[in-house]
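J.: Sharing a model that was predicted from the sequence below.
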Amino acid sequence: MIKKIIAPALFVLLLLPYFSQAQIKLVRRSLLNGKVELSVPANFKQMSTQALAAKYAHQGQQPAAAFNDAKADVNLVISQTGQTMTPDQIGQYKDFMINTLKHARPDAAWLDNGVKTINGKQVGYFKLMTTAADQKVFAFYFFTILDGKLLMFTFTCPQTLQPKWKTTADAMLASLKVK
C-alpha cells in the first residue's frame, strides 16, 4: 500500500524541476518600425509612451520599448542608442561593458558572456547576478547593430525567478532578427 503512494509522489517530485524550467510561451513582436523582430513572453505588456517617459526620465533618453509581466518583476527593455558601431566592434564593446561593470559593481557574480551570430547578425551578450535595493537580480544584456548604431536589450528578473526564466531569456536572444 505504501509503495503505491510513494511511487506517484516520487514521480511528481522528480518532474518538478522540469516544470519549473519549462519555457514560457513566446509571441513575435515587430519593433522599431518593423526593423527588429523579437519573440517576447505572451503575457508581457508593452509600456505606454507616457509610462516610459515617466519611468526613464532620469536617464536622459527613454528606451525604444519596454515590456514586463503583470507584477513588473520581470522586464525587457530595448534601447536604440546613438553610439556608432560596426560588427567587428561587438566583442570589444562586450569586453568594455564587462570591465566597466566589474569596477562599478564588484558585488556582481558573472554567469556567462560571448558573441554569437544570430540570424546573420553579430550579437554580444553577458549575464550576471547583482544586488538591487532589496534583492538579488538576474540581468541578461544582449546587443547588436541597427542602422550602424548600437541596439541594446536588457532582460531582468529577481534571482528567485531566474531558474524559471533562463530558458525563455535564451529563446528571446535566439529569436532576434534585425533587418
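T.: Sure thing, it's come through. Numbers count the residues shown, from 1 in each chain.
J.: make it CA atoms for all contacts and neighbour counts henceforth
T.: OK.
J.: Just give me the neighbour total for L161.
T.: If you count neighbours by other C-alpha atoms under 10 Å, L161 ends up with 15.
J.: now it: how far from Q135?
T.: L161 sits 11 Å away from Q135, going by C-alpha to C-alpha, to the nearest Å.
J.: Which stretches in this structure count as helices?
T.: Remark: helices of the chain, listed N- to C-terminal, are 2-21, 49-55, 90-104, 162-175; assignment by DSSP state H.
J.: which stretch in those has the least confidence?
T.: Comparing mean pLDDT over the helices of the chain, the weakest stretch is helix 2-21, at a mean of 44.
J.: Next, the contact list for V178, please.
T.: Applying C-alpha atoms under 8 Å, 6 or more residues apart in numbering, one finds that V178 lies in contact with 35-37, 119, 121, 145-146.
J.: repeat that with 6 Å
T.: Neighbouring residues of V178 by C-alpha atoms under 6 Å, 6 or more residues apart in numbering: 35-36.
J.: how many neighbours does V74 have?
T.: A total of 19 residues lie near V74 under the criterion other C-alpha under 10 Å.
J.: can you check R105 too?
T.: When neighbours are defined as other C-alpha under 10 Å, R105 has 13 of them.
J.: Then the one 5 residues further on?
T.: W110 sits with 15 neighbouring residues when counted by other C-alpha under 10 Å.
J.: Identify the residue spatially nearest to the spatially most central residue of the chain, adjacent ones excluded.
T.: Of all residues in the chain, the one closest to the mean position by C-alpha atoms, centre = their mean is F155, 2.5 Å from it. With sequence-adjacent residues excluded and distances taken as C-alpha to C-alpha, 6 or more residues apart in numbering, F155 is closest to L76, at 4.4 Å.
J.: For the one you found, name its beta-bridge partners.
T.: Following DSSP bridges, L76 is listed with bridge partners F67, F155.
J.: distance of it from G148?
T.: When C-alpha to C-alpha is applied, the distance between L76 and G148 equals 22 Å.
J.: quick one, which of these two is more surrounded?
T.: More neighbours sit around L76 than around the other of L76 and G148, counting by other C-alpha under 10 Å; the figures are 24 against 13.
J.: My read is that that one contacts F67, right?
T.: Yes: proximity of L76 to F67 meets the contact threshold set by C-alpha atoms under 6 Å, at 5.1 Å.
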